[in-house]
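Enquirer: output the structure for:
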Amino acid sequence: MRSVLTVGVLATLAMASPAYAGDLTVTVTGVKAKGGSLIVAVYDKTTLFRAQPPFFSATKVAGAGDSTVTIKNVAPGDYVVSVLHDANDDEKMTLGPDGRFGEGTALTNAEQLRGPPTFEVNKITIPATGASVAIAMSYPEDRSGW
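Expert: Below is the predicted model:
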């Protein structure tokens, strides 16, 4: 009886324990020396571009090149990583006179897009051990056709 009770208690504790969370290291490539900050947002399916992301971080832009941001304790799951180069540090996306993005942006799996971003196309899977991802910045002056 005692061993059955012990097994039951251990099983209950195991089910109640939170999932392990790892770190997500995001290397943003092609950052331009425009000052401001890089804002890295990690969205799950329910918050994608609509709400406060479950995980985010910001870092000052030191200069042109690559910049790395580590977000601690990201729960395992599927996420879309988005980066805004907030050159004017107003903490929001600046739009150009034509209504298009006026600041640099990056998105996981952006090279696979053939239309607007979607969770299914842009998601990455982050295991409990954490992950690393590299994503390339795209700036308005370098974009053609949109």
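Enquirer: name the residues that touch the helix or strand encompassing Ala134?
Expert: Using DSSP states H and E, Ala134 sits within strand 131-136. Residues from elsewhere that reach strand 131-136, judged by CB atoms under 8 Å, 6 or more residues apart in numbering: 22, 24-30, 81, 83, 106-108, 110, 124-125. All C-beta spots, glycine's among them, are computed from the backbone N, C-alpha and C.
Enquirer: export the host helix or strand of Ser57 as CSV, just CAs?
Expert: Per DSSP H and E: Ser57 is located in strand 55-60. Taking C-alpha atoms only, strand 55-60 is exported to CSV below (Å, rounded to 0.1, in the frame of the first residue of the first chain):
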residue,chain,number,x,y,z
PHE,A,55,8.7,36.5,-24.9
PHE,A,56,10.6,39.6,-26.0
SER,A,57,13.8,41.5,-25.6
ALA,A,58,15.5,44.6,-26.9
THR,A,59,19.1,45.7,-27.4
LYS,A,60,20.7,48.9,-28.5
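Enquirer: what's in contact with the next helix-or-strand element following that strand?
Expert: Going down the chain from strand 55-60, the next helix or strand is strand 65-74, by DSSP H and E. Strand 65-74 is contacted from outside by 21-31, 38, 40, 42, 55-59, 61, 126, 130, using CB under 8 Å, 6+ apart.
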